[in-house]
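Chemist: based on what follows, work out the 3D shape:
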Amino acid sequence: MTSSETPAISQIAELLAHNGYDVTDAGPGVLRIRDLDTGVAFQAALHGNILFMTVNLIRVSTVSITAETMRLMLDANNGISTSSFQLYDAGDGHTAITLNNFCTLQDMGPEDKDDILSLAGYLMADLLEARDLLQPVQAS
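Modeler: Below is the predicted model:
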């Protein structure tokens, strides 16, 4: 691949599949990935040379997301070191909370491959912290 080419989603799928993930095509530029050790599933989407990874955490009643919950999600010391939360209207008075991360790819050389695997690992590590952090929201 030359520096003017963008990475292909198939290259990312192959890399993840060879490193302990179950990977399926979920549409153009989108992969559904499942960690074989934990069973946790997440999505990867390639837009140009930016790879985004997202895991759906929970779907909750919109009114259960309080100011305190938002403060916990935005707190720099909440244990979520590399990822960020996003809220999506899930309809019927519910909100989906996701955890998201991304990396910029260059030429799918060794550095990019390391970045992709690190990105998946960071998302999984942050997922564990996020589940603990959002436990009070899940209970309401």
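
Chemist: alpha carbons only for contacts and neighbour counts from here, please
Modeler: Will do.

Chemist: name the residue closest to the centre of this protein, please.
Modeler: Centroid-nearest residue in the chain: Thr54, 2.5 Å away (criterion: CA atoms, centre = their mean).

Chemist: Leu87 is in contact with that one, correct?
Modeler: No: using CA atoms under 8 Å, Thr54 is not in contact with Leu87; the gap is 11.9 Å.

Chemist: so which strand or helix has Ser10?
Modeler: Taking DSSP states H and E as the criterion, Ser10 maps to helix 9-17.

Chemist: immediately after that helix, which helix or strand?
Modeler: Once helix 9-17 ends, the next helix or strand along the chain (criterion: DSSP H and E) is strand 21-27.

Chemist: ok and that following strand relative to helix 9-17, angle-wise?
Modeler: Strand 21-27 runs at 160 degrees relative to helix 9-17, counting by axes from the mean of the first three to the mean of the last three CA atoms, to 10 degrees.

Chemist: for this protein, what helix or strand is lowest in average pLDDT?
Modeler: Sorting the helices and strands of the chain by mean pLDDT, DSSP states H and E puts helix 135-139 at the bottom, at a mean of 72.

Chemist: how close does Tyr21 sit to Thr95?
Modeler: 28 Å (CA to CA, to the nearest Å).

Chemist: Leu119: what secondary structure?
Modeler: Following DSSP: H, G, I helix; E, B strand; the rest coil, we place Leu119 in the helix state.

Chemist: equivalent analysis for Ala130, please.
Modeler: helix.

Chemist: shouldn't Gly39 be within a strand?
Modeler: No: the assignment for Gly39 by three-state DSSP gives coil, which leaves it out of any strand.

Chemist: Thr82 - that's part of a strand, no?
Modeler: No: assessed with three-state DSSP, Thr82 is coil; it does not lie in a strand.

Chemist: report the contact partners of Gln43.
Modeler: By CA atoms under 8 Å, 6 or more residues apart in numbering, the residues touching Gln43 are 30-33, 53-55.

Chemist: again, but for Gln106
Modeler: Gln106 makes contact with 3, 6-7, 49, 112, according to CA under 8 Å, 6+ apart.
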